[in-house]
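Trainee: Sharing a model prediction with you, sequence too.
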Amino acid sequence: MNVRYLALIGLLASPLHAQGFAGLGAEVEGFAVPAPGRGFEFPADHGAHPDYRIEWWYLTATLTGEDGRDYGAQWTLFRSALAPEEREGWQSPQLWLAHAALTTPDTHHVAEKLARGGIGQAGVTAAPFEAWIDDWQMLGTAAEGDALSALRVTASGEGFGYDLALRATGPLVPQGEGGYSVKSAAGQASNYYSQPFYEVEGSIRVAGAPLAVTGKAWLDREWSSQPLAADQTGWDWFSLMFDDGARLMGFRLRDGGAGYTSATWIAADGTPTPMPPGALQVTPLREARVAGRDVPVDWRVVLPEKGLDVTVAAMNDQAWMTTSLPYWEGPIRISGSHSGRGYLEMTGY
Amino acid sequence: MIRAGLGALLSHWRRSPLQLAMLLLGLSLATALWSGVQAINAEARASYARAAETLGQDQLSRLVADRPIPQEVYVTLRRAGWLVSPVVEGRLTVGRRSLRLIGIDPLSLPVEAQQVEFGEGNALLPFLTPPGLLYVNAETQTRIEGAELPPLRLSESLPPGTALTDIGQAQRLLGSGPTVSHLLVHPGSPQPPLDPALGLVLQAPQDGSELARLTDSFHLNLTAFGLLAFAVGLFIVHSAIGLAFEQRRPVFRTLRALGLSGRMLTGLLLGELMLLALVAGMIGVALGYGVAALLLPDVAATLRGLYGAEVPGVLSLRPGWWLAGLGIAVLGTLVSAAQSLWRVWRLPLLAPAQPRAWARASERALRWQAGGGLALLTVALGLMLGGHGLVAGFGVLTGLLLGAALLLPVLLWAGMWAGERLARGVLAQWFWADTRQQLPGLSLALMALLLALAANIGVGTMVSSFRLTFTGWLDQRLAAELYLTARSEAEAAEMVAWLEPRTDAILPIFSAGTEVLGQPAELYGVTDHATYRDHWPLLQALPDVWDRVALGDAALVNEQLARREGLVPGDPLVLPEWQGEIAGIYSDFGNPEAQVIVSTDRLLALHPEVSRLRYGLRVAPEQAADLAEEMRQRFGLGETGLVDQASIKGFSLAIFERTFAVTAALNVLTLGVAGLAMFASLMTLSGMRLPQLAPVWAMGLTKARLARLDLLRTLLLAAVTMLAALPLGLALAWVLLAVVNVEAFGWRLPMHVFPAEWLRLGALALLAAAIAAAIPVRRLARLAPSDLLRVFANER
């Protein structure tokens, strides 16, 4: 979900696009760097890692309303550190950025928030778990078990809002090699784990009365300090939730050449199988005119090792995030060898 | 025909360059003074508007409280859904000047409040991270350079004297701890209910500038001065134009006889005047810019001292101002020339072409003038008795000055007439009669002199009275030997404990914001002590006033509040959560706001949160310096932490002196203009009086004697004018002190007279008259006998 790197760098860029993609490869002295074999320690790793430069709590949910229509919701909190430490008050070098979105078959609503760390306006605590910025909140509600196994997620913006209760039906899943997720052939990497097994109940509000919804959700936790290679210009990221209970996380980083793909196959019981670079093949099938540019909104996704050959299609072509650093993020429908629903994120178009 | 006519008309100026110079000088001086004052006002108003726009104050609502807002309240509100942005604001003393420091959080700042451009890329980073950045404009930069502050960045969008920095830096520099001053509300913010315990009030955007309102009277004062100077300048223009027209009467007649229509002639003359007006206007506007640039630093200092208003000391050019300057020059020329143009329009073709040596003094005209003058004085008196407000005050001044000016020729005429009656000997009689004969030609210049002298006496008396009162007031009010400001309450407590055995008394000076009769006011606490009982001169008070205040049931109010609301001792006074009685009224110079004083105990009961940082210290005067030194050493107090009495007095007096430096400068200029008017008139007369002088010379009076008599006459007229200006000036001073000051500033001052000052001014007036007369008199003394003889030879 590399859009977050961009978004966080963009946090300090004005105008944002002036920053471009080139600045992402820069390494900042003093920050901790992901290393293989680190493993995870819960619940501590649910909280913030201020000695890393960037970090996020990224939730996407595919929903169905009581009106029978499909919806999608996104809730994201980013942390960006100007220095690898935490200090009290306004002197804190930690900055927070959040995006919330609600996608309907014909509309897409976006809101964004910014806050400084150190004063309590935004932050994350590991136990009891709470991630918040202003009145947006992701609150741990589990009485026992993992702190992320039950959540209540709320956000609202101009003309929309949602209040979702999440219950995990499977384990936390480390991505890459035991949570060490490589992002380029040159070795850039991040610490990365997911909770892709949420069942959702709650309500959404789009320009009017609340509507009851149910569905599934996927939470990503990722932190790093040097995420991208200098020549990488954008990416396409897929989170696919199949009807048979299996999951696939896959991404392609574009670099003007063949690109770099990576994927993790997650069995219905939560057992992850990291795939070698290049195993996943993604091909754009259809482009749509979105916000004045051409964005591929239908894809062919193939993973021969798992007999996967599917077409994914955007539920709403116009799921453009009009945030300070714009990108495309929206729910998708899966058909072909497997069926299901999921989320697609694309940057650099 | 037109070309020939124009050539004939314009040739006059070539033959009398001095007259042309006079006309241009008078007009450009008048324009300069007027537009200079306008430029200053425009600059000040622009800076008020800019101050009002700071942080989008004119567009954004804010949440305010009567005390610093804890930072947690900001977070609580954000988490409740309010879209608010915190602002820390305070004054930081850098050197001897105070800087308005504004701290913002750029991440939550609404776009409407965006004050500076942070630039591209990661430009926000250095603002957020230590050591931070301080945005100021160029003028502020030069003022604070070298001080221990975060690195400076320039932004001309900031008002002078204002610095913008990150909220964290501002809290650190101001020592305000984790609190904010107010919260800006995004226009689209949800507004969930507020917990009343937070004490927050939602304040609508402030469209008008508070500063503009406060300083209105000050600018009206300046405008009135500019207008006075302009009017005096027009006297010169009027006399120069009148002269030029009189001298060209033969030309006019000849041109008309040659077939130029009256309409065409008037049109040509009008065109000629417009041309002159534009040239003089341009010179005047340029001069006015110089005057404004020269005076602006003093005006800026005054505004800062009096109202805390920051006005840049540097003038910027505004196109509107140029045009207004030219417009006023043209208008002034038209007004001055109206009478002369009318005469040309009505010129009978066959009338004798001789100059009429100005209109003869007809007793009928004098009677009209006397009637007009008396009517104006009556209006002034009526306005003084019945009117109120600053405009009425200036109405009184205008009526008084114009009425007196109109009466002056009447007075002089009567004087000459009396002199003539009393004179013995033929020469004396001729002298008086000849002087009376010249009055119509000189009266305008003498009126200008009268106005200039009266303005000088009036304003001088006001300033001197004010200075005397103010100095005395400072001496009494600043009774404590040392004034201490601690950096924190803990430090204050430590200092007070240390000072206890070393001082005669430690007098707390605590204050809080409050509201009286719907207006914001400052509430001060006073501790019952001989310092106040013995030294504080109250304007009005109930008996045992200090006992009443000490008991906590009574309050003192400042003169401004009392005058504005018509309060007298004994009236009830209602503050939030308190009701008491007004026990006394005190003068409070240099403060435009309402102020109330109660006992310190009462203040602390009403506002327990008040910051307890300031104290007045009483010690034996000879020990004050040692104690101050010891305290600076022991507690590391800076320049501002501990101030002695003399420094405060010096500082206050310096502000005072600068306040009136502008007035003094305008006064001198006005007097100069009046001198020029006199010179112009005398020059005019000297050329026309040959027919009157030649017979006297022919009868045996030498030219030297005639010249001496002429000088004597000029001095005599100036002296009489000075005598007339004296009562007028005193009346003016009285109106300024008792009417205009009260309306403009809210305080009334006792009037003191300074006869030595009058003597100096009288001497100055005589000197000006002598200088003005010098050239014409010299010319008379050197006149060739043939010129005088020619009077008898032909029709000149």
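Mentor: Sure thing, it's come through. Numbers count the residues shown, from 1 in each chain, chains lettered A, B, ... in the order given.

Trainee: Grab the most central residue of the chain for me.
Mentor: Since you didn't name a chain, this refers to chain A. Taking C-alpha atoms, centre = their mean, the centroid of chain A lies closest to A:Y58, which sits 4.1 Å from it.

Trainee: actually it's chain B I care about, not the one you picked
Mentor: Using C-alpha atoms, centre = their mean, the most central residue of chain B is B:L222, at 3.7 Å.

Trainee: for that one, what are its contacts?
Mentor: B:V37, B:I40, B:N41, B:V299, B:V662 (C-beta atoms under 8 Å, 6 or more residues apart in numbering or on different chains). Placement of C-beta: from N, CA and C, glycine included.

Trainee: so which strand or helix has it?
Mentor: In this structure, B:L222 is located in helix B:210-247 according to DSSP states H and E.

Trainee: Residue of the stretch 1-150 of chain A nearest chain B, please.
Mentor: In the stretch 1-150 of chain A, no residue comes nearer to chain B than A:W90, which is 2.8 Å away by C-beta to the nearest C-beta.

Trainee: Quick check: that residue vs B:A113, distance?
Mentor: Summarising the geometry, the distance separating A:W90 from B:A113, computed by C-beta to C-beta, to the nearest Å, is 17 Å.

Trainee: ok, now how distant is the spatially closest residue to B:Q369 that is not a sequence neighbour from chain A?
Mentor: Residue nearest to B:Q369 in three dimensions, not counting chain neighbours: B:L406, with 5.1 Å by C-beta to C-beta, 6 or more residues apart in numbering or on different chains. Taken as C-beta to the nearest C-beta, to the nearest Å, the spacing of B:L406 relative to chain A amounts to 67 Å.

Trainee: got it, and B:A240?
Mentor: Plainly put, B:A240 is 62 Å away from chain A if you go by C-beta to the nearest C-beta.

Trainee: likewise B:L701?
Mentor: B:L701 sits 89 Å away from chain A when distances are taken as C-beta to the nearest C-beta.

Trainee: same question, B:S98
Mentor: Between B:S98 and chain A the distance, using C-beta to the nearest C-beta, works out to 23 Å.

Trainee: just for the stretch 51-200 of chain B, where's the confidence low?
Mentor: Under the criterion of pLDDT under 70, the regions of the stretch 51-200 of chain B flagged as low confidence span B:52, B:96-97, B:119-123.

Trainee: Which parts of chain A are helices?
Mentor: A:3-10 (DSSP state H).

Trainee: and the longest strand for it?
Mentor: strand A:189-206 (DSSP state E).

Trainee: I would like the residues contacting stretch A:170-185, please.
Mentor: Residues from elsewhere that reach stretch A:170-185 (C-beta under 8 Å, 6+ apart): A:2, A:34-40, A:42, A:146, A:148, A:188-197, A:222, A:227-229, A:232, A:247, A:249, A:253, A:260, A:262, A:264, A:266, A:268-270, A:272, A:274, A:277.

Trainee: near chain B, which of these show up?
Mentor: By C-beta under 8 Å from any C-beta of the partner chain, no member of the contacts of stretch A:170-185 lies near chain B.

Trainee: What is the burial count for the spatially closest residue to B:T670 that is not a sequence neighbour?
Mentor: Counting by C-beta to C-beta, 6+ apart, B:T670 lies nearest to B:A452, which is 4.7 Å off, once chain neighbours are set aside. Neighbourhood size, B:A452 [other C-beta atoms under 10 Å in any protein chain shown]: 30.
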